[in-house]
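Trainee: I'd like to go over a predicted model; first the sequence, then the structure.
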2 protein chains.
Amino acid sequence: MATKPAESFTMELQPLDATTAASERAKWLLSSPAPPAPWRQVYSSVRESMLPGSKSAQQPRRSMLLVFLEGLFPILKWGRNYKATKFKNDLLAGLTLASLCIPQSIGYANLAKLDPQYGLYASVVPPLIYALMGSSRELAIGPVAVVSLLLSAMVSKVVDPAADPTLYRRIIFTVTFFTGAFQAMFGVFRLGFLIDFLSHAAVVGFMGGAAIVIGLQQLKGLLGISHFTSKTDVISVLGAVVEALHHQWYPLNFVLGCSFLIFILATRFIGRRYKKVFWLPAVAPLFSVVLSTFIVYLTEADKHGVKIVKHLKGGLNPISVHQLDFGAQHVGEAARIGLICALIALTEAIAVGRSFASIKGYHLDGNKEMVAMGCMNIIGSFTSCYTATGSFSRTAVNFSAGCETVVSNIVMSITVLISLLLFTKLLYYTPLAILASIILSALPGLIDINGAYNIWKVDKLDFLISLGAFFGVLFGSIEIGLLIAVGISFGKIILLSIKPSTEVLGRLPGTDIFCSINQFPVATKIPGIVIIRINSGTLCFANANFIRERILKWLSDENETKESNKAGIRVMILDMTNVMNIDTTGIHAMEELHKKLISRGIELAVANPRWEMINKMKAAKFVEKMGADWIFLSVGDAVEAMASLRRKMNVNGLYAC
Amino acid sequence: MATKPAESFTMELQPLDATTAASERAKWLLSSPAPPAPWRQVYSSVRESMLPGSKSAQQPRRSMLLVFLEGLFPILKWGRNYKATKFKNDLLAGLTLASLCIPQSIGYANLAKLDPQYGLYASVVPPLIYALMGSSRELAIGPVAVVSLLLSAMVSKVVDPAADPTLYRRIIFTVTFFTGAFQAMFGVFRLGFLIDFLSHAAVVGFMGGAAIVIGLQQLKGLLGISHFTSKTDVISVLGAVVEALHHQWYPLNFVLGCSFLIFILATRFIGRRYKKVFWLPAVAPLFSVVLSTFIVYLTEADKHGVKIVKHLKGGLNPISVHQLDFGAQHVGEAARIGLICALIALTEAIAVGRSFASIKGYHLDGNKEMVAMGCMNIIGSFTSCYTATGSFSRTAVNFSAGCETVVSNIVMSITVLISLLLFTKLLYYTPLAILASIILSALPGLIDINGAYNIWKVDKLDFLISLGAFFGVLFGSIEIGLLIAVGISFGKIILLSIKPSTEVLGRLPGTDIFCSINQFPVATKIPGIVIIRINSGTLCFANANFIRERILKWLSDENETKESNKAGIRVMILDMTNVMNIDTTGIHAMEELHKKLISRGIELAVANPRWEMINKMKAAKFVEKMGADWIFLSVGDAVEAMASLRRKMNVNGLYAC
């Protein structure tokens, strides 16, 4: 336990007797129990996230079952208090929702390269399931733009939808099944934190890029182009558009689409201005569809190049269980795409759901939501639905239409079902350009310029992540955008946690608090003692040697410039407050630093080593090497002990030279 | 700047007037200057690592050139003081070194699937260049086992050495050129920290695995097998050996190899026991070669299946500049392999060099060493040498033979050169089994069981990295082992820095220091106030939401169990000491936590937010939202202010219920 003194120090000059209280405190530090072993930490954190709230036991069995069922089907709970007044509001909201949902669903099915009725199917079953299991009151369930694009972009690479539409559709259903299975699994195993790995910044950039890509895809419908690229990046799409403009396009589509787009945007503007006519922007799309269909039917514009929906198969959702394709050829790809879709769909739905829940002041349990969405997609994949999730634009309409509960989703679902049974023939003449303009009108909600500005203001690196995702989606593909965003996000974490940063500390006047002299210009250094704080959460292989070299270099620079100040620096106090993890390389670097400092006649004191740190210093016998008397609980204690040591040395005349 | 009080709090009850000193200190915190912008940090750290020591300017030009030249060629400096007594020691060490180097070099060339003379070539030129430029006094330069194996394993995948030995050799030289170029570049741009990215734990595991793989490769020579697998993993090699044992192997090789292996190991044991005969283990390999060659020549054992070296082309290193292959077909692969070799070679050389330098008490500049090694490999690739680096086994011999300076390398190089000119014909009958046993005898030095045990003792996760590298090399390939090691290393950093860990703090008796109540059982909680420290260097997208949820859950559990204690928790102090980086998601999580706490009637105080943290809190207007009076410089200040707030409220009777 002996410390190795430098030449000018002798053994009896240890700081021990100087401040008994401080050394008493240091003993607490040295005798602290061993921290929990790594596997115990893993076990307890798994248990905590897997089995929450299992403390209040001993409830009667029957009520436990009821609690479980109420947890799984929240409708059992709130359904008991459901009243007619609430239903009136929900009915109104549901009908408004349906009028927006029908044209949007057809458009999104188009975007997903499926026949239009599949969009309607996906607006029937999933909302019903969600109504039983979901706990958000505002979320409007159905197909959404980003997931539709994601599906078509990724599944097209596996199967060409033009060459083999049946197989393409089967793969889409299989992907939907996997999406649901992953979502339910995330919920059951309480892996809700997984969607946190798409950081807010990444989502903002990704959504912005996706909105622009989706908008560009609508140029196909808006210009009446027959042959279009299957790629999604800006350059390919613009190239295809330019080429089409040289060959074959029908201006009538453009005129029709643009005039109704202007109409829809105008109604939205009016709806925002005058709160009384909030329903106007919501019904404008359906109104546009009806009106334009009527115009085309009357003028026979379809014979002059206006592209129309044509056949829209009516009737109930057909069963599609037998269509799921679990053959070895495609199942791996389907599962991969399903995982990506699951994450993106959950990210959008939970972000939307949470923001509206916090407006109304209730809490949304992410894990329960995941189970609900998983079930609705699994059952959806059995009933010819493709991936559905919470839609941003329709949820906003649902909210402003005054929905009270998820019953508005049931109303919407039934309305869509009735349309499927009765009105599909009427949509024969609906021009595709109108569907494109309806999708276009929903896109601005996905571009969050304000959010991007806030990110820029608070964190420049986060903004870089946004930009990476945005341009990745725009010029690469959706997957590349996601990969870039996740890559930069984790690269940033690595970079920040191994940043070999050190700070010199000084005492704040009138206190025992030691702070960075750069951050607090009032802080003053203590002559002869240098206090260095390692500003890094981990002292590990990637930064330990660099930090050691930097401290040594800084020290020799300092001693060089202060040649006049004869005493120079005799003690270095390392503030270890921030170092929460240290590995073998880190311990080794500390040992070398200690050796080098001793050889230069400088003593090393360690202040406030954290739990793991002190434990590893003990395990590596470093505490014995440097001497337990040089370890302190706080910088203040260390400084006090060092000062009294210096006084003593001055008395002994050792320090006078 | 107003704070939102909970229901039971009123505006005049802010903690401001309670402790003027503390709030004064908090003002220092709030008015601290903005931290340097990210790009300034990047710029200054680049400048620091690129242009070091440019402070002491205004030296005369001529002496600056001299200093530069002395820096590049350290021989100019120490050469002036070189004395005959030193040379005597160096001569002895150099000759000992050469006697070990010649058989080892031939064996390693065999391992690298090159003709034996190329191993000797690589022991001539690189040591000479290193003698001019290197600053280590002990490092013995030449081909080494791990790099030879790495080269043959990776280049064999590009070109089959059996099918096209000339092209294979050309690619080897090209790889050597790239290795040198990368090494020199690392040194010039001061990227020495790059080799730190192979953590100590990874290197221990990797070297151990490589040693076993190299040993298994020697079974080919030891058993006299003609056709051997080109794969390096244990299963393939053992499979090939078992197959060969069934068909065609020559026991004589095995008997010969094993008896000399036992002899070499015995001499090593004696050399360790009796320090006087330190030269015995060093010359034993050469003696074995001479003796076994003589035996084979006399008994004509080569006609009974003993494999021999046969032709060994003599003469000086031929020029090979024209053989470098920069054609588009192989240049990419060559550069990739060169990069890996550069890192592995530097890791081994600098680890060996540093450990011997620290025994003799001088410092080795990693960046200068890299430039020296880069130059020696570039020039080596022009003169038919394959990648050379500092050898562990030979450096140890050099050291124990009493070398004084790098002149021993020059002596060795000249001795090898003379052998190349005069004695190569004598090596015709040297049995391959002897070379295999010489390589085998050098392997135990690469397996660091003690090091592995220390790693296990200090850090279990680091041990996992070692194991990953070890088994990756053993059962996958060298590259897979490296990838696993680097992957786990960085995965560990991510895991540790986003670990959503929180600790409850208590006051240490008799101090103002607040510490974890788990680590310090003596610490006591303060009634009505909970102090939570976030034990994570970054509060970011990956852990912020999780930490928020955990704090809220913990709080509701706590309030539930303490129903009897009517007052419950009224104030939460968040100690932000460790949070060095925060991103937009982190700020957002803080805002939500604040909102939720306020709605439960609990006040939130933030203690010791770091520089970046307070800056971002200001940028996001969070300081305004929560009120500047709730931010404190230290936990002690916050507790004091809260306690005086409570006293005041008790007087006012608001807190009595």
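Mentor: In hand now; what should we look at? What you are looking at is a predicted structure, and each value in this text was computed from that prediction instead of being measured.

Trainee: Can you tell me how far the closest residue to chain B within the stretch 451-600 of chain A is from A:Ile493?
Mentor: Per Cβ to the nearest Cβ, the residue of the stretch 451-600 of chain A with the smallest distance to chain B is A:Gly537, at 2.4 Å. The C-beta positions use only the backbone N, C-alpha and C, and glycine is treated the same way. Distance, A:Gly537 to A:Ile493, by Cβ to Cβ, to the nearest Å: 10 Å.

Trainee: intersection of neighbour lists for these two?
Mentor: Residues touching both A:Gly537 and A:Ile493 by Cβ atoms under 8 Å, 6 or more residues apart in numbering or on different chains: B:497, B:538.

Trainee: just how off-centre is stretch A:137-149 within its chain?
Mentor: Relative to the chain's own centre, stretch A:137-149 is displaced by 18 Å; criterion: Cα atoms, centre = their mean, to the nearest Å.

Trainee: Figure out the length between the terminal residues of that stretch.
Mentor: Distance across stretch A:137-149, first residue to last, is 27 Å (Cα to Cα, to the nearest Å).

Trainee: same question, stretch A:195-203
Mentor: Taking Cα to Cα, stretch A:195-203 runs 10 Å from one end to the other.

Trainee: touching chain B at all, it?
Mentor: Yes: Stretch A:195-203 is in contact with chain B by Cβ under 8 Å from any Cβ of the partner chain, via A:196-202.

Trainee: before we move on, the earlier item: burial count for the residue of the stretch 451-600 of chain A closest to chain B?
Mentor: Residues lying near A:Gly537 (other Cβ atoms under 10 Å in any protein chain shown) number 26.

Trainee: State the distance from A:Trp39 to chain B.
Mentor: 8 Å (Cβ to the nearest Cβ, to the nearest Å).

Trainee: any idea how far B:Leu464 is from that residue?
Mentor: 11 Å.

Trainee: Those two: which has the busier surroundings?
Mentor: Applying other Cβ under 10 Å to A:Trp39 and B:Leu464 shows that B:Leu464 carries more neighbours, namely 17 against 9.

Trainee: Relative to chain A, how far out is that one?
Mentor: 9 Å.

Trainee: Let me see the contact set for that residue.
Mentor: The contact partners of B:Leu464, by Cβ under 8 Å, 6+ apart, come to B:Ile488.

Trainee: go on, A:Ile270?
Mentor: A:277, A:280-281.

Trainee: ok, those vs A:Cys101, which is closest?
Mentor: Within the contacts of A:Ile270, proximity to A:Cys101 (Cβ to Cβ) peaks at A:Pro281, which comes in at 13.9 Å.

Trainee: hang on, isn't the closest one packed against A:Ala266?
Mentor: No: between A:Pro281 and A:Ala266 there is no contact under Cβ atoms under 8 Å: 9.2 Å.

Trainee: higher neighbour count, these two?
Mentor: The neighbour comparison of A:Pro281 against A:Ala266 (other Cβ under 10 Å) goes to A:Pro281, with 24 against 13.

Trainee: quick revisit: most neighbours out of the residues of stretch A:195-203 next to chain B, which is it?
Mentor: Within the residues of stretch A:195-203 next to chain B, neighbour counts (other Cβ under 10 Å) peak at A:Ala201, which reaches 33 neighbours.

Trainee: Dihedrals phi and psi, it?
Mentor: phi -60, psi -40 (degrees, to the nearest 10).

Trainee: In which helix or strand does the residue nearest to it when sequence neighbours are not counted reside?
Mentor: Nearest residue to A:Ala201, sequence neighbours excluded (Cβ to Cβ, 6 or more residues apart in numbering or on different chains): A:Asp462, at 4.0 Å. A:Asp462 is part of helix A:460-475, with elements assigned from DSSP states H and E.

Trainee: what's the helix or strand containing A:Leu440 in contact with?
Mentor: In the assignment (DSSP H and E), A:Leu440 maps to helix A:432-442. With contact meaning Cβ under 8 Å, 6+ apart, helix A:432-442 is reached by A:103-104, A:106-108, A:110-111, A:145, A:214-215, A:218-222, A:224, A:253-254, A:256-258, A:260-261, A:264-265, A:268, A:285, A:288-289, A:292-293, A:306-309, A:393.

Trainee: Could you do stretch A:355-372 as well?
Mentor: So stretch A:355-372 is contacted by A:71-72, A:74, A:129-130, A:133-139, A:183-184, A:186-188, A:190, A:192, A:195, A:346, A:349-350, A:353-354, A:395, A:399, B:592 (Cβ under 8 Å, 6+ apart).

Trainee: And stretch A:630-637, by the same measure?
Mentor: With contact meaning Cβ under 8 Å, 6+ apart, stretch A:630-637 is reached by A:3, A:15, A:19, A:22, A:25-26, A:28-30, A:505, A:512-514, A:531, A:573, A:575, A:603-609, A:614, A:617, A:623, A:638, A:641, B:508, B:513, B:515.

Trainee: Selecting buried members of these in PyMOL, what would you type?
Mentor: Buried residues within these, by 16 or more other Cβ atoms under 10 Å in any protein chain shown, are selected in PyMOL with:
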select buried, (chain A and resi 3+15+19+22+25+26+28+29+505+512+513+514+531+573+575+603+604+605+606+607+608+609+614+617+623+638+641) or (chain B and resi 508+513+515)
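
Trainee: Among the contacts of stretch A:630-637, which lie within strands?
Mentor: Using DSSP state E, the members of these that fall within strands are A:505, A:514, A:531, A:573, A:575, A:603-607, B:515.

Trainee: check contacts around the residue lying closest to A:Asn377 once chain neighbours are set aside.
Mentor: In space, and not counting its chain neighbours, A:Asn377 is closest to A:Gly180: 2.9 Å by Cβ to Cβ, 6+ apart. Shown in contact with A:Gly180 (Cβ under 8 Å, 6+ apart): A:342, A:373-381.

Trainee: just checking, which of those residues belong to helices?
Mentor: Those of those mapping onto helices are A:342, A:373-381, per DSSP state H.

Trainee: which one of those residues sits closest to A:Ala628?
Mentor: Nearest to A:Ala628 out of those is A:Ala342 (Cβ to Cβ; 53.7 Å).

Trainee: My read is that the closest one contacts A:Leu191, right?
Mentor: No: contact criterion Cβ under 8 Å: A:Ala342 and A:Leu191 do not qualify, at 10.8 Å.
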